[in-house]
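K.L.:
have a look at this prediction, sequence included:
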Amino acid sequence: MSKILILPGDGIGTEIVSQAVKVINSLNANHSMDMNLVHGLIGGIAYDETGSPLPDETIKTAKDCDSILLGAVGGPKWEPLERSLRPERGLLGIRSELGLFSNLRPAILYPQLASASSLKAEIVSGLDLMIVRELVGGIYFGEPRGVEKRNGERFGINSATYYESEIARIGHSAFQIAQKRGKHVCSVDKANVLEVCELWREVMEEVSKGYPDVKLSHLYVDNAAMQLVRDPKQFDVMVTSNLFGDVLSDCAAMLTGSIGMLPSASLDKDNFGMYEPIHGSAPDIAGKDIANPLATILSVSMMLKYSLNQADLAEKINIAVSDVLDQGFRTRDIASGEDKVVGTNEMGDLVVKALES
Ligand code: NAD
């Protein structure tokens with residue numbers, strides 16, 4: 001039996017996670033899986049109900065589970081709160097508390113959706129790249145930080161910091177993933193300007209010695225951004241720091257044309273993971289039954305592959321999603337021309353039907 005913590009969160013979180021739960025229930029019923037679901041609170045709803053965006057109870061339950069499925073957090077209702085109480089703090093907090101340092105963000109373009117990309121179809125069609133982003137270090141967590149008074153004016157400070165052990169462990173993640181893919185890691189840094197990136201590059205070279213079957217190359221982040229838009233198919237696995245990964249992975253996501261299609265995984269050293277769509281809580285469309293649930297359903301596929309050792313079932317979900325797209329069904333965000341537009345709920349039902357057929 002696997003115990004899965006379900007954290008729907010805010011906005012469209014509840015709607016999209018409900019569709020993923022239908023998929024899990026179908027796997028339990030038809031593929032002798034035994035995924036036991038427990039529900040918890042995170043984000044704005046957790047603040048409303050407990051006064052904290054990350055209640056202790058959620059962390060306690062998470063530590064007792066095999067995996068976590070998260071919807072999304074945040075919304076305008078909670079923006080006036082002081083920073084430490086905001087929903088997004090819950091998300092940073094759970095990643096950090098559970099040591100989820102390795103963030104895998106695939107950018108895959110389904111051939112059926114090639115026209116949804118803003119790039120020419122020949123540049124993006126068949127795109128399948130994996131960004132491995134360091135998630136619990138770097139400038140998002142480095143000290144000192146803050147805004148203070150210096151020389152009679154306000155002065156803002158953040159610190160980009162990495163221990164070599166933090167760089168090495170994300171390096172190992174990237175190389176091990178590349179071994180199961182195209183055997184090429186591109187490490188992205190800014191070593192021409194930043195000392196912390198010089199160390200990053202040195203450690204990546206050291207780690208690479210343990211993976212002679214994988215090629216390592218390096219790019220400065222400005223060039224990497226340019227190459228992602230010029231010729232994204234040159235990449236197999238990109239590994240980079242927290243800040244650079246945040247920016248580059250959103251850019252890569254948009255190459256595929258739809259933020260509603262892309263899942264992600266955040267893993268610890270033992271492949272315990274939290275799985276979530278890359279998009280946010282989309283308050284503008286919450287409660288309207290129009291959100292695309294496929295990124296969340298594909299997050300279940302990643303969970304089966306990376307944490308639950310069920311690569312075959314993971315592939316079944318991917319194929320079911322592809323089948324539904326082949327049949328011309330689309331949620332509004334990915335629809336064009338003759339497509340059959342369906343709502344969030346119906347899309348979930350269609351994937352379950354494809355899975356069971
Ligand atoms: P967003 O990703 O929520 O939405 C951006 C745009 O994409 C919106 O137009 C939205 O309608 C659309 N969209 C997003 N997901 C979609 C889906 N599944 N189907 C169809 N359309 C979809 O980003 P935002 O508007 O910048 O942020 C909204 C809130 O989400 C903020 O509070 C932000 O802090 C939070 N946020 C949370 C996460 C997370 O939980 N991991 C990530 C990013 C943003």
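P.N.:
Alright, I've got the coordinates.
K.L.:
so who does P76 touch?
P.N.:
P283 (C-beta atoms under 8 Å, 6 or more residues apart in numbering). To be clear about C-beta, it is placed using only N, CA and C from the backbone, and glycine gets the same treatment.
K.L.:
one more pass at 10 Å, please.
P.N.:
Residues in contact with P76, defined by C-beta atoms under 10 Å, 6 or more residues apart in numbering, are 11, 44, 283-284.
K.L.:
got the confidence number for it?
P.N.:
pLDDT for P76: 97.
K.L.:
over to the one 3 residues further on?
P.N.:
Taken from the predicted model, the pLDDT recorded for E79 is 96.
K.L.:
from L194, how far off is L135?
P.N.:
Between L135 and L194 the distance is 19 Å, computed by C-beta to C-beta, to the nearest Å.
K.L.:
quick one: the strands in this structure?
P.N.:
Using DSSP state E, the strands of the chain run over 2-9, 35-39, 67-72, 102-108, 128-134, 146-150, 153-157, 184-189, 215-220, 237-240, 263-267, 273-277, 329-330, 340-341.
K.L.:
relative to R89, which of those strands is closest?
P.N.:
Of all the strands of the chain, it is strand 2-9 that lies closest to R89, at 12.8 Å by C-beta to C-beta.
K.L.:
can you list the buried residues in the closest one?
P.N.:
For strand 2-9, burial by neighbour count (16 or more other C-beta atoms under 10 Å) applies to 2, 4-9.
K.L.:
domain ranges for the protein?
P.N.:
1-101+269-357, 105-267 (automatic domain parsing).
K.L.:
of the buried residues of strand 2-9, which is the nearest to the ligand?
P.N.:
G9 (6.3 Å; C-beta to the nearest ligand atom).
K.L.:
end-to-end on stretch 265-281?
P.N.:
This stretch, stretch 265-281, spans 17 Å end to end (C-alpha to C-alpha, to the nearest Å).
K.L.:
for that stretch, what is the average pLDDT?
P.N.:
Rounded mean pLDDT across stretch 265-281 is 94.
K.L.:
that one vs the ligand: in contact?
P.N.:
Yes: Stretch 265-281 is in contact with the ligand by C-beta under 6 Å from any ligand atom, via 276, 279-281.
K.L.:
buried residues in that stretch?
P.N.:
265-268, 271-281.
K.L.:
what distance separates that stretch from the middle of the whole chain?
P.N.:
Centroid displacement of stretch 265-281 relative to its chain, using C-alpha atoms, centre = their mean, to the nearest Å, is 6 Å.
K.L.:
contacts for the helix or strand of the chain with the lowest mean pLDDT next, please.
P.N.:
Across the helices and strands of the chain, mean pLDDT, DSSP states H and E gives its lowest value to helix 121-124, namely a mean of 89. Residues outside helix 121-124 that contact it (C-beta under 10 Å, 6+ apart): 107, 109, 111, 113-118, 229-233, 255-257.
K.L.:
mind checking the end-to-end distance for stretch 275-284?
P.N.:
23 Å.
K.L.:
of all of the stretch 101-250 of the chain, which residue lies closest to the ligand?
P.N.:
Counting by C-beta to the nearest ligand atom, the stretch 101-250 of the chain gets nearest to the ligand through D250 (9.1 Å).
K.L.:
how many residues are close by that residue?
P.N.:
16 (other C-beta atoms under 10 Å).
K.L.:
any idea how far apart the tips of stretch 283-303 sit?
P.N.:
End-to-end for stretch 283-303, by C-alpha to C-alpha: 26 Å.
K.L.:
is it anywhere near the ligand?
P.N.:
Yes: residues of stretch 283-303 contacting the ligand under C-beta under 6 Å from any ligand atom: 283-285, 291-292, 295.
K.L.:
most neighbours of all the residues you listed, which one?
P.N.:
A291 (31 neighbours).
K.L.:
tell me who's in contact with the most centrally placed residue in the chain.
P.N.:
Nearest to the geometric centre of the chain sits S264, at 2.6 Å (C-alpha atoms, centre = their mean). S264 is in contact with 70, 103-106, 131, 133, 135, 249, 253, 273-279, 295, 298-299, 302, counting by C-beta under 10 Å, 6+ apart.
K.L.:
distance of it relative to Y275?
P.N.:
For S264 relative to Y275 (C-beta to C-beta), the value is 7 Å.
K.L.:
shared neighbours of those two, anything?
P.N.:
By C-beta under 10 Å, 6+ apart, the residues touching both S264 and Y275 are 70, 104, 298-299, 302.
K.L.:
save those residues as JSON lines, and put in pLDDT too.
P.N.:
Below are the shared contacts of S264 and Y275 laid out as JSON lines (pLDDT from 0 to 100):
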{"residue": "L70", "pLDDT": "98"}
{"residue": "L104", "pLDDT": "96"}
{"residue": "L298", "pLDDT": "97"}
{"residue": "S299", "pLDDT": "98"}
{"residue": "M302", "pLDDT": "96"}
